[in-house]
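Student: A predicted structure for the sequence below; I have some questions about it.
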2 protein chains.
Amino acid sequence: VNDLRRLSVNSETIKQWSLEELVAGCVAQGVPGIAPWREPVENYGLHKAARLIRDAGLTVTSLCRGGFYTVAEPKARRAALDDNRRAIDEAAELNSPVLVLVSGGLDDRDLKGARDRVADALAELAPYAGERQVTLAIEPLHPMFCSDRCVVSSLGGALDLAEQFPASQVGVIVDAYHLWWDADIYRHLERAGERILSYQVSDWVVPLPEDTLLGRGMMGDGSIELRRLREACDAAGYDGPIEVEIFNQVLWDAPGQEVFDLALTRYQEHVI
Amino acid sequence: VNDLRRLSVNSETIKQWSLEELVAGCVAQGVPGIAPWREPVENYGLHKAARLIRDAGLTVTSLCRGGFYTVAEPKARRAALDDNRRAIDEAAELNSPVLVLVSGGLDDRDLKGARDRVADALAELAPYAGERQVTLAIEPLHPMFCSDRCVVSSLGGALDLAEQFPASQVGVIVDAYHLWWDADIYRHLERAGERILSYQVSDWVVPLPEDTLLGRGMMGDGSIELRRLREACDAAGYDGPIEVEIFNQVLWDAPGQEVFDLALTRYQEHVI
């Protein structure tokens, strides 16, 4: 069985490929979705990128990423919100139904204050996104990134935020790497239901590299029950894209086509 | 104010000191408690160590550590449980009211299976510990250690396990480093109540070192609201020892007395 119907490949996974190479690779293998980061889109040109992807018959499943609005200082905060409005515009231009949001870390030690500022930022951005048919996707990151990157550290915490808004405006990303360890994950997935905007896969491999951002391994190389989590998303009512998002220097140093082909194989073996 | 009444120093914090040096250091500064690891106790001799500490007028607040019983293979499992019974005996000999348990990681991908084996191990060990007046303390470790060191990754998960047993037999360790990021931590501390057997302090400092086990920083150097968490433990009814437990190569390379004195200062500035 060659079932790639739900598959989307994140542009960072095959960072050694240009946006054009990624689009061509997806078309050649029958991968229907791509999930670009803003940087390669900006480098290629937003309008050109939108046309490239559309003309290839591919779907943008999500745009990575906005967020980083935990900063308290008013000027920096205004700049962060402006940047998020631009990200929403870019998502709309790309026909991406979803903008991924990573909240940002701590200014100081006030975790509750930072989380409150996330809620405030969402309140300001959600209507703007709604008008452009873009749903904001809160991505809880692994707790090891809580201080410096994302104060939303669990699916429960993400849902507490998302549920303050209509589901058409704010939902959540379920990234297996960030959430697999949670003893309550299956309960929270059930609760998440229609709030689930993407299921993202990679694997947890130890030891972590010195740069913990690059610890994400290829599906099947680590400890995560990727299929079980996918089935739980589906049981909660999710039937959308499954995005392969891996940041890994060893994979970036390998030939892009090899990594791409391996990701497709492993996706079928371990996820669907 | 020089208030060290609740302070206990973990032997690993000043690893460059021998057990005798640590005891002498505590006596000199009026620190009433110590929390030794099994290795320095074994090296010094169990009976000798018990007498050294008792004769100095110090209290052992906890013994570090048992656990590592997630392994499924029957022979290895039996060996792990036997080692835990020895650890309980050692705690009893040291007059330690508490034995700290780190569960161990994953054999494979079956997280639920591993967590079930933790519950089974506790069921086997709890009565044995109870007969010896030693309370077993489940220590949830930071989720970044879930796969290779401890499948109990949150206070909620630890309480789900502990509550299957009488509070006199099984409780939990609240280590700020492992738990501070949890959006539900204050709710879980309230729930924990009399199950809290120790509050342990250090700090979360980024970037993490390559060996993430050694990432624990000196109180005040990082992101954790140590006082707020301590107050929440107290509000839940906890009035026991507060243990300084830091693993940090930079501090181990410094003169022991400097680190010890700094820990006492920072404890008073940031914890009590």
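Tutor: That came through fine.

Student: count of neighbours near A:Glu21?
Tutor: Look at A:Glu21: counted by other Cβ atoms under 10 Å in any protein chain shown, it has 14 neighbours. In this view, the C-beta of every residue, glycine as well, is placed from N, C-alpha and C.

Student: A:Gly256 is in contact with that one, correct?
Tutor: Yes: with contact defined as Cβ atoms under 8 Å, A:Glu21 reaches A:Gly256; the gap is 6.6 Å.

Student: so what's in contact with the two at the same time?
Tutor: A:Ile14 (Cβ atoms under 8 Å, 6 or more residues apart in numbering or on different chains).

Student: all strands of the stretch 101-250 of chain A, in order?
Tutor: A:135-138, A:170-175, A:196-201, A:203-204, A:216-217, A:242-244 (DSSP state E, counting those that start in this stretch).

Student: Please name whichever of the ones you listed is nearest to chain B.
Tutor: Across the strands of the stretch 101-250 of chain A, chain B has its closest neighbour in strand A:203-204 (5.6 Å, Cβ to the nearest Cβ).

Student: so how far is the closest one off the chain centroid?
Tutor: Taking Cα atoms, centre = their mean, to the nearest Å, one finds the center of strand A:203-204 at 15 Å from the center of the full chain.

Student: Over to stretch A:19-38?
Tutor: Remark: stretch A:19-38 is offset 16 Å from the chain centroid, using Cα atoms, centre = their mean.

Student: now stretch A:136-150
Tutor: Mean-position distance between stretch A:136-150 and its chain equals 11 Å (Cα atoms, centre = their mean).

Student: so what's A:Val1 scoring on pLDDT?
Tutor: A:Val1 is assigned a predicted lDDT (pLDDT) of 56.

Student: is it fair to say A:Gly57 lies in a helix?
Tutor: No: assessed with DSSP: H, G, I helix; E, B strand; the rest coil, A:Gly57 is coil; it does not lie in a helix.

Student: quick one: contacts for it?
Tutor: Contacts of A:Gly57 (Cβ under 8 Å, 6+ apart): A:Val27.

Student: Give me the distance between it and chain B.
Tutor: Using Cβ to the nearest Cβ, to the nearest Å, A:Gly57 is found at 36 Å from chain B.

Student: for A:Gly66, same thing?
Tutor: 21 Å.

Student: A:Gly104 now?
Tutor: 13 Å.

Student: Name whatever forms a beta bridge with that residue.
Tutor: Here A:Gly104 shows beta-bridge partners A:Cys150, assigned using DSSP bridges.

Student: Quick check: it touching A:Cys146?
Tutor: No: in this structure, A:Gly104 is not within contact of A:Cys146 by Cβ under 8 Å, at 10.8 Å.

Student: Compare these two (neighbour count), which wins?
Tutor: The neighbour count for A:Gly104 versus A:Cys146, taken as other Cβ under 10 Å, is higher for A:Cys146 (27 against 21).

Student: Let's see the pLDDT reported for that one.
Tutor: 98.

Student: repeat for the one 5 residues further on
Tutor: As predicted, A:Val151 sits at a pLDDT of 98.

Student: List the residues that contact the nearest residue to it once chain neighbours are set aside.
Tutor: If the residues on either side of it in the chain are set aside, A:Val151 comes closest to A:Ala114, at 4.5 Å by Cβ to Cβ, 6 or more residues apart in numbering or on different chains. Counting by Cβ under 8 Å, 6+ apart, A:Ala114 touches A:70, A:103-107, A:151.

Student: Can you select the buried ones from the residues you listed in ChimeraX?
Tutor: Entered in ChimeraX, the line below selects the buried ones among the contacts of A:Ala114, by 16 or more other Cβ atoms under 10 Å in any protein chain shown:
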select /A:70,103,104,105,106,151
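
Student: isn't A:Ala92 right next to A:Arg132, touching?
Tutor: Yes: if you go by Cβ under 8 Å, A:Ala92 and A:Arg132 touch, sitting 4.1 Å apart.

Student: and those two? which has more neighbours close in?
Tutor: Remark: of A:Ala92 and A:Arg132, A:Ala92 carries more neighbours, 18 against 15, as counted by other Cβ under 10 Å.

Student: what comes up buried for the helix or strand containing the more buried one?
Tutor: In this structure, A:Ala92 sits in helix A:74-93 according to DSSP states H and E. Buried residues in helix A:74-93, counting neighbours by 16+ other Cβ under 10 Å, are found at A:77, A:80-81, A:84, A:87-93.

Student: Next: stretch A:201-211.
Tutor: A:201-206, A:208-209.

Student: and it, anywhere near chain B?
Tutor: Yes: using Cβ under 8 Å from any Cβ of the partner chain, stretch A:201-211 reaches chain B at A:204, A:206-208, A:210.

Student: got the contact list for that stretch?
Tutor: Outside stretch A:201-211, the residues that touch it by Cβ under 8 Å, 6+ apart are A:175-177, A:180, A:215-224, A:226, A:230, A:242-246, A:249, A:267, A:270-271, B:144, B:146-148, B:210, B:212.

Student: Only the buried subset of the residues you listed, as a PyMOL command please.
Tutor: This is the PyMOL syntax for the buried subset of the contacts of stretch A:201-211, where burial follows 16+ other Cβ under 10 Å:
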select buried, (chain A and resi 175+176+177+180+215+216+217+218+219+220+221+222+223+224+226+230+242+243+244+245+246+267+270+271) or (chain B and resi 144+146+147+148+212)
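
Student: A:Gly25 and A:Val259 touch, don't they?
Tutor: No: using Cβ under 8 Å, A:Gly25 is not in contact with A:Val259; the gap is 10.0 Å.

Student: Mutual contacts of those two, please.
Tutor: Shared contacts of A:Gly25 and A:Val259 (Cβ under 8 Å, 6+ apart): A:Ile14.

Student: the more surrounded of the two?
Tutor: Higher neighbour count among A:Gly25 and A:Val259: A:Val259, with 24 against 20, using other Cβ under 10 Å.

Student: Which other helices and strands does the helix or strand harbouring that one contact?
Tutor: Per DSSP H and E, A:Val259 falls inside helix A:256-270. The contact analysis (3 or more Cβ pairs under 8 Å, 6 or more residues apart in numbering or on different chains; DSSP states H and E) places helix A:256-270 against strand A:7-10, helix A:19-29, strand A:242-244.

Student: Tabulate the residues of stretch A:201-211 next to chain B (TSV), appending pLDDT.
Tutor: Below are the residues of stretch A:201-211 next to chain B laid out as TSV (pLDDT from 0 to 100):
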residue	pLDDT
A:Trp204	97
A:Val206	93
A:Pro207	91
A:Leu208	91
A:Glu210	86
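
Student: Between those, which sits nearest B:His188?
Tutor: Relative to B:His188, the closest of the residues of stretch A:201-211 next to chain B is A:Trp204; by Cβ to Cβ it sits at 23.8 Å.

Student: which residue sits closest to that closest one in space, ignoring its chain neighbours?
Tutor: In space, A:Trp204 comes closest to A:Gly222 once its chain neighbours are excluded; the distance is 4.3 Å by Cβ to Cβ, 6+ apart.

Student: so that neighbour makes contact with B:Ser147?
Tutor: Yes: using Cβ under 8 Å, A:Gly222 is in contact with B:Ser147, at 7.3 Å.

Student: residue ranges with poor pLDDT in chain A?
Tutor: For chain A, applying pLDDT under 70 flags the ranges A:1.

Student: which parts of it sit against chain B?
Tutor: Going by Cβ under 8 Å from any Cβ, the residues of chain A near chain B are A:106, A:109-111, A:115, A:142-144, A:146-148, A:152-154, A:156-157, A:160, A:180-184, A:204, A:206-208, A:210, A:212, A:222-225.
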